[in-house]
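> what's the 3D shape of this:
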Amino acid sequence: MKKIQFLLTLVLIFSIFSCNNNVSSSTTSKEVTSSENFTQEELFDRWNKAKKYTINYNDEYTSSFNVEIYKDNVLMDKNDTYQTYNDGMTLIEKSSYILDNDKLELYKYSKEATKIVDDNGKQRIKYYNEQGDSKNKETKGEYITLSKAKEMNYYNPTSFLEGLNIEGDNYNQFITILKTSFIEIDEKNISVSFDKNNEMVNLNIIIKHEYVDDSINDQGYLKSNEEGTMVISSKDNKIVETKYDYNIKINYENEENNYKVNHISHGNINYNFDEEKYNKISVETETTLYNDKEEIRYYVGDFAFVYPQKFEYNEIFTANDGIEYLSNHENFIIKEKQEDVSSYISLYLDKEMTKPFTSMTLLDELTLYIKFNMPSDKSLVICAIDNNTYFDIANIYLLNVGDNFNPKNRYPYTQILSIDGKEVDNNSSLDFVVNDNTIHTVIFDGY
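Residues are numbered from 1 along each chain as shown. Got it, this is the predicted structure:
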């Protein structure tokens, strides 16, 4: 039997951070003082309400996570992670320490930040990256888009509950699903309970497990004994703290070879931005790269144009900018001869074409929908690829009314699924005449 899923199911919270991202603390829980006034079902209801709030939370926060790893009670490794975040503006600090000559030494650290700065009179978002150790430091700077800055939403409150987003609105269902999620562990070795310490309502999980670890090939190895405790605490209807203590004893025929490993972790969540600390950081670098063009994505109904337009962040983007890009793009509308198609295109902010797009200062990614306004003597055939869950535009062909269109000649090695919404037989002739300025659609199989 391999070392099981205690780390996989219960401790996904730990594993998110422990790969060079983590930190340390004690996990001794407080004395239970007031649980006797509540049933387990009542405490679950309170805790579950907090869990749901945290899982659905998507706003500013400050989080920290600490991990310590001991071998035979000697601290071998320590990792600290901190993040404060608010709508793309963030500060992330990480540090890792290892035992060296009986002393815990800084192995490496990193600092990342995003901040709005002035660049010759223009507001830009600067990404700052600092990497180093006890002797060296390297810094890099780059101007980025807001959408890219928002991707740095790493250690958000929801991430602390990854692996524990169990569907179950009542106590019994939750306990059953939670216990059965631990693969290869007998349920009698899993204890799940709720308690209340003053204002904190806690979920407590304790696991004891004995097994033979197939990944250990040492001579004389006998078995492994593991014991793990996790406490996930809520306060004011929010998850605010996680504590985790995982012990494993490796047993050999020669008891002198036995050893113990202990992982201790402690996480804290604050639902506010640490403005004071954030304001103190400097993002100055000798040079700064420019990589701050936002993307404009275009759709014709459900069909996506796979070549998004890039445009300067914090500049005014107009409908004419988008129409010019589309009408001149070689992979958008295929024309037999040079022809200005810009008057055929209108742009909208919504798929239903009720909100015409005119202009805006581009501060984030933008999605626009295309409406075609064809003259009476022109028509379009949209050829799209069905990728099972989404559609991509392969090409759009501009035709004169009266022209014949043969999709098999255009795509001889691709299965055609439908023409104008009707399923077709690929063994028959599928060419058709464009009789008016109606827009036609041909769907191909993407597989």
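
> does residue 326 sit in a helix, a strand or a coil?
helix (DSSP: H, G, I helix; E, B strand; the rest coil).

> Just the pLDDT for it.
The model reports residue 326 with a pLDDT of 96.

> before we move on, what about residue 29?
37.

> now do the one 4 residues further on
As predicted, residue 33 sits at a pLDDT of 44.

> can you check residue 170 too?
88.

> same deal with residue 66?
Predicted confidence (pLDDT) at residue 66: the value is 96.

> What residues are bridge-paired with it?
When bridges are called by DSSP bridges, residue 66 pairs up with residue 80, residue 266.

> was I right about it contacting residue 265?
Yes. In terms of C-beta atoms under 8 Å, residue 66 counts as a neighbour of residue 265; the distance is 6.5 Å. The C-beta positions use only the backbone N, C-alpha and C, and glycine is treated the same way.

> Compare these two (neighbour count), which wins?
Using other C-beta atoms under 10 Å, the more surrounded residue of residue 66 and residue 265 is residue 265, with 27 against 20.

> in stretch 74-89, what counts as buried?
Of the residues in stretch 74-89, 75, 77-86, 88-89 count as buried by neighbour count, 16 or more other C-beta atoms under 10 Å.

> Pass me the low-pLDDT residue ranges in the stretch 301-447 of the chain, would you?
447 (pLDDT under 70).

> what about the helix or strand hosting residue 48, average pLDDT?
Here residue 48 sits within helix 40-55, counting by DSSP states H and E. Averaging pLDDT along helix 40-55 gives 94.

> And residue 76, how far from residue 102?
11 Å (C-beta to C-beta, to the nearest Å).

> picking up where we left off before, just how off-centre is the helix holding residue 48 within its chain?
The chain centre lies 24 Å from the centre of helix 40-55; the measure is C-alpha atoms, centre = their mean, to the nearest Å.

> Mind giving me the packing neighbours of that helix?
helix 171-180, strand 190-197, strand 200-211, strand 221-235, strand 238-252 (3 or more C-beta pairs under 8 Å, 6 or more residues apart in numbering; DSSP states H and E).

> coming back round to it: could you identify the pair within the buried residues of stretch 74-89 that is furthest apart?
The most widely separated members of the buried residues of stretch 74-89 are 75 and 88, with 36.4 Å between them, by C-beta to C-beta.

> thought residue 424 was touching residue 430?
Yes. In this structure, residue 424 is within contact of residue 430 by C-beta under 8 Å, at 5.7 Å.

> Quick check: neighbours shared by those two?
Jointly contacting residue 424 and residue 430 under the rule C-beta atoms under 8 Å, 6 or more residues apart in numbering are residue 416.

> what's the single longest strand in this structure?
strand 103-119 (DSSP state E).

> check contacts around the residue sitting furthest away from the middle of the chain.
Most distant from the centre of the chain: residue 402, at 49.8 Å, with distances by C-alpha atoms, centre = their mean. For residue 402, the contact set (C-beta under 8 Å, 6+ apart) comprises 433-435.

> Surely residue 376 forms part of a helix?
No. Looking at residue 376 with three-state DSSP, it is coil, so not inside a helix.

> For it, give me its contacts.
By C-beta under 8 Å, 6+ apart, the neighbours of residue 376 are 401, 436-437.

> from these, which would you call buried?
Judged by 16+ other C-beta under 10 Å, buried ones among those: 401, 437.

> Of the contacts of residue 376, which is the nearest to residue 337?
Looking across those and measuring by C-beta to C-beta, the closest to residue 337 is residue 401, at 16.1 Å.

> Residue 377 is in contact with the closest one, correct?
Yes. Taking contacts as C-beta under 8 Å, residue 401 lies within contact range of residue 377: 5.2 Å.

> anything in contact with each of those two?
Counting by C-beta under 8 Å, 6+ apart, the residues touching both residue 401 and residue 377 are residue 437.

> For the nearest residue to residue 336 once chain neighbours are set aside, grab the count of nearby residues.
Excluding the flanking residues, the one nearest residue 336 by C-beta to C-beta, 6 or more residues apart in numbering is residue 398, at 7.4 Å. Neighbours of residue 398 under the rule other C-beta under 10 Å: 18.

> Are we agreed that residue 398 is in a strand?
Yes. Under three-state DSSP, residue 398 falls within a strand.

> follow-up on the earlier one: so which of the contacts of residue 402 are in strands?
Using DSSP E, these in strands are residue 433.

> Now list the buried members of the contacts of residue 402.
residue 434.

> which one among the contacts of residue 402 gets closest to residue 359?
Of the contacts of residue 402, the one sitting nearest to residue 359 (C-beta to C-beta) turns out to be residue 434, at 34.3 Å.

> Could you find the closest non-adjacent residue to that closest one?
residue 379 (4.5 Å).

> who's in contact with that neighbour?
By C-beta under 8 Å, 6+ apart, the neighbours of residue 379 are 398-401, 403, 434, 436-440.

> give me the beta-bridge partners of it?
residue 399.

> That one and residue 69, how far apart?
Noted for residue 379: a distance of 68 Å to residue 69, by C-beta to C-beta.

> again with residue 297
Distance of residue 297 to residue 69, given as C-beta to C-beta: 44 Å.

> rewinding a little: would you mind confirming that the residue nearest to residue 336 is in contact with residue 337?
No. Using C-beta under 8 Å as the test, residue 398 is too far from residue 337 to be in contact (9.5 Å).

> How far does the helix or strand residue 306 falls within sit from its chain's centre?
Take DSSP H and E as the rule and residue 306 turns out to sit in strand 303-312. Relative to the chain's own centre, strand 303-312 is displaced by 22 Å; criterion: C-alpha atoms, centre = their mean.

> got the contact list for that strand?
292-299, 317, 321-322, 325-326, 329, 331-332, 362, 370, 382, 384, 390-393, 441.
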